[in-house]
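> Okay, predicted coordinates and the sequence, questions at the end:
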Protein chains: 2
Amino acid sequence: MQAGLQALMEMLAEIRLLDSVTAVLQWDQETGMPPAAGGLRARQLAWLSRRSHDIYTSHAFFNLLEKLVDMESGSAHDDAASAEQRRLLYLAWRRWKRHNALGAELVSRIAEHESRTQQAWTHLRPRNDYSTFAPLLREMLDLKRREAEAISLGPTLYDSLLDAFEPGMTASQLERIFATLAARLVPLIARILGSSRYRDDDPFLPGPYAENTQEALCREVLVAMGLDMQASRLARSAHPFTIGINPRDVRLTTRFNPGDFRPAFFAAVHEGGHALYEQGLKLEPYGSPLEEAASMGLHESQSRVWENQVARGRPFWNWFLPRLRRAFPQRLDGIDLDTALRGVNRVQPGLIRVEADEVTYTLHIIMRFELERDLVNGRLDVDELPEAWNARSEFYLKLRPPDDRDGVMQDVHWAFGGFGYFPSYALGNIYAAALLDRARRDLPDLDNSLAEGRLTVLTQWLRRHVHSRGSRLFGADLVADLTGAVVSAEPYLDYLETKYSQIYVTS
Amino acid sequence: MQAGLQALMEMLAEIRLLDSVTAVLQWDQETGMPPAAGGLRARQLAWLSRRSHDIYTSHAFFNLLEKLVDMESGSAHDDAASAEQRRLLYLAWRRWKRHNALGAELVSRIAEHESRTQQAWTHLRPRNDYSTFAPLLREMLDLKRREAEAISLGPTLYDSLLDAFEPGMTASQLERIFATLAARLVPLIARILGSSRYRDDDPFLPGPYAENTQEALCREVLVAMGLDMQASRLARSAHPFTIGINPRDVRLTTRFNPGDFRPAFFAAVHEGGHALYEQGLKLEPYGSPLEEAASMGLHESQSRVWENQVARGRPFWNWFLPRLRRAFPQRLDGIDLDTALRGVNRVQPGLIRVEADEVTYTLHIIMRFELERDLVNGRLDVDELPEAWNARSEFYLKLRPPDDRDGVMQDVHWAFGGFGYFPSYALGNIYAAALLDRARRDLPDLDNSLAEGRLTVLTQWLRRHVHSRGSRLFGADLVADLTGAVVSAEPYLDYLETKYSQIYVTS
């Protein structure tokens, strides 16, 4: 078995290397590529993705894998295999199954259509032109439904797509979790908005907040979080993102608004959480499927725990506020801790997901989940989508979008074929709350540490209990293993209710 | 023949695509990669170079090529083949020959060692640590000598390496050209330095010259030169360079010195010349060996013609000086045209090649050529190199480096295995002078155009007579074809003597 496993690991290392090249090209595309270069960039990316697909679907890969696992279930033949080896083989088999389910023709049709639809979305959204977008979206759905049928990894087509982002999670589990969330979030928001202490003014003065000072603050906090800046880079892009090329090369971006320090700061902390996760994965053995993120939802939990639970919390601001005031003395001299906390925890239902506060955010996800589930499972037509969107927006957010630009067309995800991705955002919040509950049990002094700027106390806990475990368990299972309970929305809802009742005295 | 040629072109297009990915990774390595990422970057680059090598050495490539050309000479079998087809096949055959001479193991060892040694140089040069660098350099030389032996493209090992940069040129031709150069340059420099009008003061005031104003000036001149900024990007790096990922994605860098506008400006113009060449190559048919630079020397001629012959000339400054004065009124208000010309044409022998003036520059190249030729041909040992360097520096420049940092370790070229590269710089000057002589015959009004800022008059001439011809002729042959004379140092020496006698009245 060892020789076969070694040979398999070499093929997996080659694929990882190809993926890492793709990651550099994607980073470059978002941060530095000249506009005219797009056509050839698409050819480069298609070549790399095709090459990786060719390895997964090669006879050599099949022959190696077949000797090691049962090709129906992915379980190891060798009874003497260790638990780690069994898991590694199972993960390798899962990838083989996914790639081999899809023909090369479907893979390249999807890649091509994703690229076309995403580019169309970029033009059509500002023009509010859903009618031109609809046929592209319909073809995208047809292709993704074909993909889901071929993969066949759950009771519904939607489950098969969800599995790519949140393996082990099912649509019916999500439905239960989201029902609990909606049942408590909607009344919580009503209580906050109805509270006598509720104010929707902004306690922070408008800028100018000098960009280089903002950037220095972002760097200071990233360093305090424990990000290894020798293995990282902070750049700028229109939409902040993180890309893990490998654990020694993790890049993140933020964007600067001269009128408000918060967008750059919270984006940097959010992306910093993602980046810490990527840096905390093990580099060796290179290419091992064990040393990858456990799920998209768990990845998101690593950004949310820092952005919301830490960097919007009282202990952190105890340390951070004096630094912020020193950075912008003219703007912020009069701000005290309570005012600052109100300024970074404003609750205000709005139409745009990416601008949503911590409390209303999850409602944006629930409505997207319901819509994409129904689209993929054939219960909702592309032509009915705008009205279905608007109806759900009114139901959950009490707001009706004035147009499709700020309604059904606001997110790029469906345009790039990312059906099944949205739930990761909500799971990220849920996982983050559960993980932090557990971390507080292990670290009773955590808040004092945070209040003194010793943020790496949390980083070290996350390194040990989350990052370094890679994909040994998938997201929800890892959280359940750490907390001793099946994943549920309760810890997250308890956290929100406690925090916001302190800010707005809602109970 | 057409079907075979088509199949060959598809393989060449795949190789070009791989090379273009390599170029993005190299750009990233110089402009954005975190320091810790070097190890995995080397693996990525080695993989790409190996993959491209695998295609060149595949049975499929051999079988296609063998049907099209005589494998001993590279000449086309088909008498009906056009001249273009013959040339294309000959160029493809040359590459096949080079790659098939090298084993896969040697190719990846060289790629990996180049990356490692270049990274080591970056750390060791500032520490003046030749003794740690020497064993890396020795292994590099061993590898390159093995490469040269395997390729065997000329009478000496050095000729085989030179061929990679300046195909068709031989070491003995270079020796003749360089002897002529040294014989007239050394006395010219003595005449300049001994002239009663010689002054070594700097007529320009020291800064501050605001970086963003410097950058705006660089951009203004690049646009005036005709660079397509939609297909280009100007960034910063410690060592300015240009990289042509493809004609629609050409990147260049410069570096800013707040105390002096000249380094950024002349680097931008120099790199702009390279970038115009890359943009002027044809994109289609993609991957054709015809649509590549004719040689490194010709590439360098495109930067030198702009940097020195145009942007250090009187007509250009007639247009540019008012712009420069407007950009930096406090610093440059009192500068007139003659003073400015003296300020950008100071002759001052120095230790550092990249800071050398137009007249002394070539002497730096001649000494490097002599040293690398002797290293490669086994007549000079790595341990003797620092002293040999210092002795030649005294001989040609009358200056002895105080340390290795500013002596033998000053250039990165040997660290990345670029033995045979340095002569390109001298050939660039020589070709540039010859090309501009010919351009002036075609464009009698050229100086008036330059004096009015209509720089693209020259760009268009270069597009037509140089860029768009790609590799249909190699560097020296293309220049000879345009000028009607075998390449020699005379036009360049005549240009220098005329120009500097006007500035310093040396004759």
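It's in.
> give me every residue that touches the residue in the stretch 51-200 of chain A that chain B sits nearest to.
For the stretch 51-200 of chain A and chain B, the shortest gap (CB to the nearest CB) falls at A:Arg51, measuring 8.4 Å. (C-beta placed from N, C-alpha, C; glycine too.) Residues touching A:Arg51, when contacts are defined by CB atoms under 8 Å, 6 or more residues apart in numbering or on different chains, comprise A:Leu18.
> give me the element it is part of.
Taking DSSP states H and E as the definition, A:Arg51 sits inside helix A:38-56.
> One more: A:Gly244?
A:Gly244 is part of strand A:242-246, with elements assigned from DSSP H and E.
> tell me which strands and helices that strand is in contact with?
In terms of contacts (3 or more CB pairs under 8 Å, 6 or more residues apart in numbering or on different chains; DSSP states H and E), strand A:242-246 is packed against helix A:2-31, strand A:249-254, helix A:262-280.
> Next, work out how far apart the residue of the stretch 51-200 of chain A closest to chain B and A:Glu10 are.
When distance is defined by CB to CB, to the nearest Å, A:Arg51 is 15 Å away from A:Glu10.
> And for A:Leu443?
The span separating A:Leu443 from A:Glu10 equals 40 Å under the rule CB to CB.
> Of the two, which one has the most company?
Here A:Leu443 and A:Glu10 are compared on neighbour count by other CB atoms under 10 Å in any protein chain shown; more neighbours surround A:Leu443, at 17 against 13.
> can you pull the contacts of that one?
With the criterion set at CB under 8 Å, 6+ apart, A:Leu443 makes contact with A:449, A:457-458, A:461.
> what residues does the stretch 201-350 of chain A put near chain B?
A:228-233, A:235, A:245-246, A:248-251 (CB under 8 Å from any CB of the partner chain).
> can I assume A:Ala415 is in contact with A:Gln118?
Yes - at 4.8 Å, A:Ala415 and A:Gln118 qualify as touching, with contact defined as CB atoms under 8 Å.
> most neighbours, which of the contacts of A:Leu443?
Using other CB under 10 Å as the neighbour test, the contacts of A:Leu443 are led by A:Leu458, with 24 neighbours.
> and that residue, which of the three is it?
helix (DSSP: H, G, I helix; E, B strand; the rest coil).
> What strand or helix carries the residue nearest to the spatial centre of chain A?
Closest residue to the average C-alpha location of chain A: A:Glu300 at 3.8 Å, with CA atoms, centre = their mean. The secondary structure element spanning A:Glu300 is helix A:296-304 (assigned by DSSP H and E).
> in stretch A:351-369, what's buried?
Neighbour-count burial for stretch A:351-369, counted by 16 or more other CB atoms under 10 Å in any protein chain shown, picks out A:351, A:353, A:356-369.
> ditto for stretch A:147-158
In terms of neighbour count (16+ other CB under 10 Å), stretch A:147-158 has its buried residues at A:147-148, A:151, A:153-154, A:156-158.
> Among these, which ones are in helices?
A:147-148, A:151, A:157-158 (DSSP state H).
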